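Colleague: starting from these lines, generate the structure:
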Amino acid sequence: MTNLDTHAAIADTVIPVPEAAPGTAGPPCAYARLRAEQPVVKAQLPNGETAWLLSRYQDVRAAFADPRLVRPLLSAWPPTEDADAPPPCLPTFLEMTGEHHERVRRAVLPLFGRGRLEFMRPRIRAMAEELIDAMVAASPGRTADLVAAYVEPLPLRVLCETVGLPYEDRDLYLPHTLTLLGAAGLTMEQVLEALYALQDYASTLITRKEQEGDGEGEGDDCIRLLLAESRRPGGGLTRDDVVSFVVTMLMAGYKTNMQHTGNALLALLTHPDQLRMLRDEPGRIGSAVDELLRYVPLMNAINILVAREDLTLHGQHIRAGDAVVPVPASANHDLEAFTDPDRLDLTRTPNPHVAFGHGPHACTGAHLSRLQLATVIEVLLERLPDIELAEPAEMLPWDESTPLRAPARLPVRW
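Modeller: I've put the predicted structure just below:
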């Protein structure tokens, strides 16, 4: 077979999106072979559409920053020629493009910078301490489920406190948020129903805050501060942009952080030597957080981009309109980018992982996610220095309802 024949055969190959082994967060083992043999390969997504999977670090990093690849509207992809199709929803931050995206990002990014988030540090710590204290008080036998008592409630409380979401409204917005995390396997009708519901909730919430008055101080929540910016003469935001902000934070700020926190704590509990090192040297928690972000996937294959023009990558011809899926979970385990990538090394530095993407659409909430995970670990080790798993790791039940797999329970003792 000639090289041309080989390329043609590979181009015609369609594989299923690799899945992590049951009872693991991933990344799927199949990506090691793809990185070596088929770094650009067509895959069938859960909704039946096909997309080009990118598995190597350099390709994933470049794709996120490539202006020829754009994120489609979740409410308009895959495209349809149905004349009766409902209008798409407002774009989330990930889907905004060009001047619109630059204008909104300039307004939002300072709210999630290290300096701005310093005022949140003691609040997050207080919430973490309160949850640990409540867990200990309710556990006379010194055993508890860390997921139910700590991992699950904290990210939502942090999100509500930071963004300005009412915690008491969680039954209104969480069901739609959780639905959208499985969007790759949903019908367009299901996607639109959930997006419309979140958009309506966000608009109603903003109306309530408008009636209450805008924020003015450093400690005010993000929604109030963005509303004030939208009303400022010459401001860079519209009211619709603030609605999009709320929807974006609901989709990206809760379940993902919760699942990753559970996986990160399981990784630490199954590496007791490294857990002891962190307990004895808490100054290493910063590098540990980045290693946990690299080692445990935040996502497996849910970053859909669409080619605006024809391009060729590793001999594969990607046509305008084709979907392209860069996979950070695979990139972060690429031997070409990381030494011994399948080993957890909490002292690893440098650590240029792409857990938060790359380029103009890199995750706005990256600093908040790092701060939250660092606080989770600090408080846990300070309050419960002898914590350990109470059951064998291989016996733990898992939540595998979305690509963001995580342990459903983390029974621990101290």
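
Colleague: shaky segments in the protein?
Modeller: 1-12, 81-86, 182-185, 214-219 (pLDDT under 70).

Colleague: find the centremost residue of it, please.
Modeller: Nearest to the mean C-alpha position of the chain, by Cα atoms, centre = their mean, lies Thr256 at 4.6 Å.

Colleague: do I have it right that that one meets Leu298?
Modeller: Yes - if you go by Cβ atoms under 8 Å, Thr256 and Leu298 touch, sitting 6.0 Å apart. In short, each C-beta sits where N, CA and C put it, glycine included.

Colleague: which parts of the host helix or strand of Arg33 are buried?
Modeller: When elements are assigned from DSSP states H and E, Arg33 belongs to helix 30-37. Applying a neighbour-count criterion of 16 or more other Cβ atoms under 10 Å, one finds 30-32, 34-35 buried in helix 30-37.

Colleague: ditto for stretch 61-77
Modeller: Using 16+ other Cβ under 10 Å as the test for burial, stretch 61-77 gives 61-64, 66, 69-77.

Colleague: same check on stretch 124-135?
Modeller: Buried, per 16+ other Cβ under 10 Å, within stretch 124-135: 124-125, 127-128, 131-132, 135.

Colleague: among these, which lie within strands?
Modeller: Within those, no residue falls in strands by DSSP state E.

Colleague: got the CA coordinates for stretch 290-302 in CSV?
Modeller: What follows is stretch 290-302 as a C-alpha-only set of coordinates in CSV (Å, rounded to 0.1, in the frame of the first residue of the first chain):
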residue,chain,number,x,y,z
ASP,A,290,-1.5,22.3,38.7
GLU,A,291,-0.3,18.7,38.6
LEU,A,292,-3.8,17.5,39.7
LEU,A,293,-5.3,19.7,36.9
ARG,A,294,-2.9,18.0,34.4
TYR,A,295,-3.1,14.4,35.8
VAL,A,296,-6.9,14.2,36.3
PRO,A,297,-8.9,15.3,33.2
LEU,A,298,-11.3,18.2,33.5
MET,A,299,-12.9,16.9,30.3
ASN,A,300,-12.3,14.1,27.9
ALA,A,301,-13.7,15.2,24.5
ILE,A,302,-16.3,17.9,24.7
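
Colleague: distance from the chain centre to stretch 290-301, please.
Modeller: 9 Å (Cα atoms, centre = their mean, to the nearest Å).

Colleague: what residues does that stretch touch?
Modeller: Stretch 290-301 is contacted by residues 17-20, 25-28, 43, 53, 256, 260, 263-264, 267-268, 325, 327-329, 332, 338, 344-348, 351, 353, 355-356, 369-370, 373, 403-404 when judged by Cβ atoms under 8 Å, 6 or more residues apart in numbering.

Colleague: now, of these, which are buried?
Modeller: Using 16+ other Cβ under 10 Å, the buried members of those are 17-20, 25-28, 43, 53, 256, 260, 263-264, 267-268, 325, 327-329, 332, 338, 344-346, 348, 351, 353, 355-356, 369-370, 373, 403-404.

Colleague: please report how far the nearest residue to Asn351 once chain neighbours are set aside lies from Gly357.
Modeller: Spatially, and ignoring its direct neighbours in sequence, Asn351 is nearest to Asp290 (4.6 Å; Cβ to Cβ, 6 or more residues apart in numbering). Remark: distance between Asp290 and Gly357 (Cβ to Cβ, to the nearest Å) = 15 Å.
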